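*Asks:* how would this look folded up:
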Amino acid sequence: MRIRIDLGYDGTDFSGWAAQPGRRTVEGELAAGLGTVLRTDPPRLTVGGRTDAGVHARGSVCHVDVPDAQWAALPGRSSRTPEEAALTRLVGVLPPDIVVRHVSRAPEGFDARFSALHRRYSYRLCDHPAAADPLRRRETVRHRRPLDERAMTAAAAALTGLHDFAAFCKPREGATTVRTLLEYRWERQPDGILVGTVVADAFCHSMVRALVGAVVPVGEGRRDPEWPARVRDAGRRDPAVTVMAPHGLCLEEITYPAAEDVAERARQARAVRTLEEE
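*Replies:* Numbers count the residues shown, from 1 in each chain. A predicted model of the protein is given here:
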């Protein structure tokens, strides 16, 4: 049966989500923990949003396929459900920088990656040294120049919609860079920290950090608010766009449709998107 796992992690000491030989990764630690709990080899996991080294997550989701007999055996002699037993046992074997929040049986046709409707990320910037919180230094990027969040939001809003975001993506052979950017805005919090919110149906590699890097020069006053959209429309990587540091980025949420619609959503998402088809 297919099991959904909701989790969060501090990405500081991980080489990203994806398992890599000789490196500590979120997938590697979680798969090893599941292997211990299920008394099997580490299983294969599918995640709704792969993160790079140093990137954090509060609302990640993955799925794993588990043989029925092993799942049913998890509670042992206790009165707990398999879901409750899996959660308790995972908490006992995982390192403290990974937290499993919920374990559930997935609905028919669910795919953590392809069934997702959209992903929401946040990015934290501190542009005033006195506002820096040493207790949150692992998730906040310090910036030396003051930033105008209104100008950044104006530039960010102009990037939304269905577009080819090749200018903000690390290219991968055979992969489309057409995405629907649903929301992109910046807000200054009461403590002075700037927080960017980025929501899209999906993201390509390094896209969020490049989108942040595209509006920072606007916030500094070095570029006009229309510049990021011109970069996007040029369709190629611009050396003037900085891919920002990973530790300011956090995967906050992955949203899925109702249980009866997850299979159809997965089918739609697997189709390669082009602008001409829209």
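*Asks:* for the residue located most distally from the centre of the chain, give me phi and psi.
*Replies:* The centre of the chain is farthest from one residue, residue 77, which by Cα atoms, centre = their mean lies 37.7 Å away. As for residue 77, its main-chain torsions (degrees, to the nearest 10) stand at phi -90, psi 0.
*Asks:* ok, now residue 19?
*Replies:* According to degrees, to the nearest 10, residue 19 has phi -60, psi 130.
*Asks:* quick one: the strands in this protein?
*Replies:* 2-9, 46-47, 56-65, 98-105, 118-126, 141-142, 161-164, 178-188, 194-200, 249-255 (DSSP state E).
*Asks:* of all those, which one comes closest to residue 229?
*Replies:* strand 161-164 (8.9 Å; Cβ to Cβ). Backbone N, C-alpha and C define where each C-beta goes, glycine included.
*Asks:* what about residue 176, how many neighbours?
*Replies:* Burial measure for residue 176: 17 neighbouring residues, criterion other Cβ atoms under 10 Å.
*Asks:* ditto for residue 85
*Replies:* Residue 85: 19 surrounding residues under other Cβ under 10 Å.
*Asks:* also the one 10 residues further on?
*Replies:* Residues within reach of residue 95, counting by other Cβ under 10 Å, total 16.
*Asks:* residues touching the residue lying closest to it once chain neighbours are set aside, list them.
*Replies:* Of all residues not flanking residue 95 in the chain, residue 29 sits nearest, at 6.0 Å (Cβ to Cβ, 6 or more residues apart in numbering). Contacts for residue 29 were tallied using Cβ atoms under 8 Å, 6 or more residues apart in numbering; they are 14, 94-95, 98.
*Asks:* one more time with 10 Å, if that's ok
*Replies:* 9, 14, 19, 42, 93-95, 97-98 (Cβ atoms under 10 Å, 6 or more residues apart in numbering).
*Asks:* next one: residue 208
*Replies:* Contact partners of residue 208, counting by Cβ under 10 Å, 6+ apart, are 51-52, 55, 119, 121-123, 168, 184, 196, 198, 200, 243-244, 246, 248-251.
*Asks:* run the last query once more with 8 Å
*Replies:* 121, 123, 198, 249.
*Asks:* residue contacts, the last one?
*Replies:* Spelled out, that is residue 249. Shown in contact with residue 249 (Cβ under 8 Å, 6+ apart): 51, 55-56, 121-123, 208-209, 212.
*Asks:* next: residue 125.
*Replies:* Contacts of residue 125 (Cβ under 8 Å, 6+ apart): 140-143, 147, 193-196, 212, 216, 248.
*Asks:* find the nearest non-adjacent residue to residue 250, please.
*Replies:* residue 56 (4.3 Å).
*Asks:* quick one: that neighbour and residue 11 touch, right?
*Replies:* Yes. Here residue 56 lies in contact with residue 11, judged by Cβ atoms under 8 Å, at a distance of 4.4 Å.
*Asks:* shared neighbours, those two?
*Replies:* With Cβ under 8 Å, 6+ apart as the test, residue 56 and residue 11 both reach residue 247.
*Asks:* tell me the domain boundaries of this structure?
*Replies:* 2-105, 118-257 (automatic domain parsing).
*Asks:* okay, now the residue nearest to residue 12 when sequence neighbours are not counted: neighbour count?
*Replies:* Nearest residue to residue 12, sequence neighbours excluded (Cβ to Cβ, 6+ apart): residue 138, at 5.0 Å. For residue 138, the neighbour count with other Cβ under 10 Å is 14.
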